[in-house]
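> predicted model, plus sequence, below.
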2 protein chains.
Amino acid sequence: MLKIGALASLTGVSRDTLRFYEKHGLITPGTRTVSGYRLYSKTDVYRISFILSAKEVGFTLNEIHQLLELEVTKDEKSCHDVKQFVDNKIQVVNQRLIEMKKIKQSLKTLSNACCGGDEPATHCTILGALSTHNRQ
Amino acid sequence: MLKIGALASLTGVSRDTLRFYEKHGLITPGTRTVSGYRLYSKTDVYRISFILSAKEVGFTLNEIHQLLELEVTKDEKSCHDVKQFVDNKIQVVNQRLIEMKKIKQSLKTLSNACCGGDEPATHCTILGALSTHNRQ
DNA sequence: ATAAAGGATGGAGTATAGTCCAGAGTCAAG
DNA sequence: CTTGACTCTGGACTATACTCCATCCTTTAT
């Protein structure tokens, strides 16, 4: 059982942010002490690290909340909706992966054009670097 | 030469947003008509699409501004700084790519657990799906 | 010639995601 | 039994990225 400060230092998320996430339904301490202190379990650490990953990926707290709420049971009526929601998110992630790789390539080209690198000097701006791989 | 409305509909970015980007130095029309209308060139379309990609990737407008400002000339003093800045961004992108793939895998697992898929029912939440590939 | 469509400026308002107090209670160590 | 570290709540404040006016000017079509 972790108090808020312990969870904060384990995850690198501030106490205020943890309370903020709680207010928005992303994480709730399973119990409280008699005096009202929040008590988190070990799995809450995973929950937070999921939230952090998902944020990194570009999901909003709202979307992350929805993802965390999802529970698939094979026979449930809502199953189709859940699958659709998740598959939609996969598409979003795929699109971002594509943009990501495009930009990474441009950054690499730009980095190579620099300091006696092997790329021609025409790639001397990020737009130049991008266009080489993007247009044509 | 495009007026703001034309650029807006070509890029899918609103007029207000274009003016907002201008205020923040991300894009500036090369000229204005006598009456003060903004006139954009065709390369401004690429500029906007770069901004959109970079946003998708998770860069802030501030970072995008810096990326767009970059100009590498092989002999410049600032060359090292530019390279360092760009290489740093590449690291950031790499980290996001990793998170991205992790989450994509979790979403896929979750999707498969659903509606008579082939994954066991233990993966019935996003955290369950994530932990399978993440812990152990 | 005039109305509708589009553009300009400046400023207010909104959503998201925190961040930072103030004031008060709690707990562990010396 | 007090001091210092930690926690609680509620509310104010901040940064980012738009978005939406109001008011006025310009252009285009009829």
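Sure, I can see it.

> next, name the residue at the spatial heart of chain A.
In chain A, the centroid-proximal residue (CA atoms, centre = their mean) is A:A54; its distance is 2.0 Å.

> distance of it from B:L107?
In this structure, A:A54 and B:L107 are 10 Å apart, going by CB to CB, to the nearest Å. Placement of C-beta: from N, CA and C, glycine included.

> what of A:T109?
Distance of A:T109 to B:L107, computed by CB to CB: 31 Å.

> so what's the one residue in chain A that gets nearest to DNA strand D up against?
Nearest residue of chain A to DNA strand D (CB to the nearest atom of the strand) works out as A:G5 at 2.6 Å. Shown in contact with A:G5 (CB atoms under 8 Å, 6 or more residues apart in numbering or on different chains): A:R15.

> excluding chain neighbours, what is closest to A:A54?
Distance criterion CB to CB, 6 or more residues apart in numbering or on different chains; nearest residue to A:A54, sequence neighbours excluded, is A:I64 at 4.6 Å.

> in a helix, the one you found, correct?
Yes: assessed by DSSP: H, G, I helix; E, B strand; the rest coil, A:I64 belongs to a helix.

> what residues does chain A have near DNA strand C?
When proximity is defined as CB under 7 Å from any atom of the strand, chain A approaches DNA strand C at A:14, A:16-17, A:20-21, A:33-37, A:55, A:60-62.

> mind running it again at 10 Å?
Residues of chain A lying near DNA strand C by CB under 10 Å from any atom of the strand: A:3, A:13-21, A:23-24, A:26, A:33-37, A:51-52, A:54-55, A:58-65.

> so which of these reach DNA strand D?
A:K3, A:R15, A:D16, A:L18, A:R19, A:F20, A:K23, A:T33, A:S35, A:G36, A:Y37.

> what's the angle from the helix or strand hosting A:Q84 to helix B:79-113?
Per DSSP states H and E: A:Q84 is located in helix A:79-112. For helix A:79-112 against helix B:79-113, the angle by axes from the mean of the first three to the mean of the last three CA atoms, to 10 degrees is 160 degrees.

> in helices, which of the residues of chain A next to DNA strand C appear?
Residues of the residues of chain A next to DNA strand C located in helices (DSSP state H): A:15-21, A:23, A:51-52, A:54-55, A:61-65.

> quick one, domains of chain A?
Using automatic domain parsing, the domains assigned to chain A come out as A:1-58, A:70-136.

> what about the first one, how long is it end to end?
What that stands for is domain A:1-58. End-to-end distance for domain A:1-58: 30 Å, by CA to CA, to the nearest Å.

> if we can go back for a sec, so who does the residue nearest to the centre of chain A touch?
Applying CB under 8 Å, 6+ apart, the residues contacting A:A54 are A:E63, A:I64, A:L67, B:I103.
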